[in-house]
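**Student:** sequence first, predicted coordinates after that:
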Amino acid sequence: MRDCFETRHSDVLGRIGELTVPRADQTVETPALLPVINPNIRTVSPARLEAEFGADALITNAYIIRGTDDLRERALDEGLHEMLGFSGAIVTDSGSFQLAEYGDIDVTTREILSFQREIGSDVATPVDVPTPPDAAREQTEADLATTEQALADAEAVDTGEMLVNAPVQGSTHLDLREAAARHADATDLDVFPVGAVVPLMNDYRYADVVDVLAAAKRGLGADRPVHLFGAGHPMMFALAAAMGADLFDSAAYAIYARDDRYLTVRGTRHLDDLTYLPCECPICTSHTPADLRGAAADERERLLAEHNLHVSFGELRRIKAAIREGNLLELVETRSRAHPAMLDGYRALLDHAAQLERHDPTSKGTFFYCSAESARRPEVVRHHDRLGRLDAPATLLLTEGSSPSGDRFDAAWRLLPPFGPVPRALSETYPFTAELPDRTDRPAQEAAARGVDRLVDANPDTDVTVAHDDWAASALDRLPASVRAEPLGARPDRDDA
Ligand code: GUN
Ligand code: ZN
């Protein structure tokens, strides 16, 4: 096992990391997008990807190269980097995708790994078995046994300095995904792709993608680099990055361009439906939709592919900036508004708030409450757990009023939806410096009430008064029976009232 990955900054499960690829003696900053290069069809050349788009890694298919006489000879002769004209890191796939598609391939893990080493791949892939979503449990287990054998074969091959992928399969059986991840983690392989998620993404099943990623992350050490195999739509990069995906590969930029589809971070548009080009890239600032529609087919395909790449790399940079600034969840929240399926994905992410909380930094940029979903963020879960361990005085006022005095009480704490009670000493710390809307919503009030409940549960002898700003009945109902609830208008925090 090599130490090939280091985390520099993190937010939620997302991180800015450094993947070191020994053969090229290079580092790839993650999250990274690896454009897929079909060695037979090149819409945008690898040299241009490197020079103009800033790609420092790409992915291509060793199985196709091996099966195509002239490509095989050139790759063996010149090496992959020379053949493609790319000096960055090159990841190669093994033919597993063809195996899944056609049911059979004529190469073993030992053969394809040796070939990948011979042609100078930086990260090679064994022949894993991509079990599709919703497969029967028995089938999934049988496929996993084959993948485990492939990983064992990969460990036995002399792969030199080359890194090797340990794909994590398991279909939509989350316990099997987690077990597969734990098994992969225990091998001496290097990079951990989560496989067979393309059908989920094609069907907009982003909640299932999140659950599968969460299961894989539970089985993998936090320091393991994770590749979301086949994830190429920029709409979901932020969501997947927040779940801990470090590497993405995009065939979508080229495949979509071929049939006139224009990628945006808010979804896919057909060129025929565009009256404006809603993008700042060089293609979109120098063309109109009519220009693109009027271009020759191969020119149009190239222009759309370039736009698609600009959008995809732009979103990756936005994600990195968000991780640095500690507002990745705000970005995910924005993206979740693009499509109801993305909202499902974000809600699924929040279902894993406790898992996320264990890794989320305890201090970062200002928490922005921008939707009812914010009430379920990991920071809220963390504070509620903390309330369950806090000591409260004998009499306590929890108030939404701006400057609690509370002379009738031993202490007066802020009551801050969605967090709940905030002891004074914490008031100026993250996340309680949050920007919150003046018009608090019901989910925030209900979350705050749950916080009160946690505090009371830990301090059954404390006499608690809640001074709330016109809370909804559903929130008041969540307060423990022992708590006295008074609307702020009654001014229980003012002894002179
Ligand atoms: N490309 C997209 N999905 C997969 C997968 O599950 N395994 C491999 N090897 N390649 C893929
Ligand atoms: Zn554009």
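**Tutor:** Arrived safely, thanks for sending. Ligands and ions are numbered 1, 2, ... in the order given.
**Student:** only C-alpha atoms from now on, for both contacts and neighbour counts.
**Tutor:** Fine.
**Student:** so what does Pro443 look like in phi/psi?
**Tutor:** Note on Pro443: backbone dihedrals following degrees, to the nearest 10 are phi -60, psi -30.
**Student:** I figured it hits Ala375, correct?
**Tutor:** Yes: the criterion here is CA atoms under 8 Å, and Pro443 meets it with Ala375 at 6.2 Å.
**Student:** joint contacts of those two?
**Tutor:** Pro418 (CA atoms under 8 Å, 6 or more residues apart in numbering).
**Student:** those two: which is more packed in?
**Tutor:** Ala375 (24 against 20; other CA atoms under 10 Å).
**Student:** pull the contacting residues for the residue of the stretch 151-300 of the chain found nearest ligand 1.
**Tutor:** Closest contact between the stretch 151-300 of the chain and ligand 1, by CA to the nearest ligand atom, is at Gly195 (3.2 Å). Counting by CA under 8 Å, 6+ apart, Gly195 touches 130, 167-169, 228-229.
**Student:** please redo it, this time with the cut-off set to 6 Å
**Tutor:** 168-169, 229 (CA atoms under 6 Å, 6 or more residues apart in numbering).
**Student:** without its sequence neighbours, what residue ends up closest to Asp461?
**Tutor:** Closest residue in space to Asp461, ignoring its immediate chain neighbours: Ala394 at 6.8 Å, by CA to CA, 6 or more residues apart in numbering.
**Student:** no wait, Arg15
**Tutor:** His9 (5.5 Å).
**Student:** state whether the one you found is indeed within a helix.
**Tutor:** No: read with DSSP: H, G, I helix; E, B strand; the rest coil, His9 is strand and lies in no helix.
**Student:** and the pLDDT at it?
**Tutor:** Per-residue pLDDT puts His9 at 97.
**Student:** what's the neighbour count on it?
**Tutor:** 15.
**Student:** how close does it get to Pro35?
**Tutor:** Distance of His9 to Pro35, computed by CA to CA, to the nearest Å: 24 Å.
**Student:** just checking, the residue nearest to Asp461 touches Thr462?
**Tutor:** Yes: here Ala394 reaches Thr462: they are 4.6 Å apart, a contact under CA atoms under 6 Å.
**Student:** looking at these two, which is more packed in?
**Tutor:** Neighbour comparison, Ala394 and Thr462: the larger count goes to Thr462, with 18 against 14 (by other CA under 10 Å).
**Student:** ok, the more buried one - contacts?
**Tutor:** Applying CA under 6 Å, 6+ apart, the residues contacting Thr462 are 394-395.
**Student:** quick check: phi and psi at the nearest residue to Thr275 once chain neighbours are set aside.
**Tutor:** Distance criterion CA to CA, 6+ apart; nearest residue to Thr275, sequence neighbours excluded, is Pro289 at 6.4 Å. Dihedral pair for Pro289: phi -60, psi -40, per degrees, to the nearest 10.
**Student:** kindly provide the distance from Pro289 to ligand 2.
**Tutor:** Pro289 is 11 Å from ligand 2, where distance means CA to the ion, to the nearest Å.
**Student:** circling back to that earlier point, would TSV of the contacts of Gly195 with distance to ligand 2 be doable?
**Tutor:** Output for the contacts of Gly195, formatted as TSV (distance: CA to the ion, whole Å):
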residue	distance to ligand 2
Val168	34
Gln169	35
Phe229	25
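**Student:** so which of those reach ligand 1?
**Tutor:** Contacts with ligand 1 within the contacts of Gly195, as defined by CA under 6 Å from any ligand atom: Phe229.
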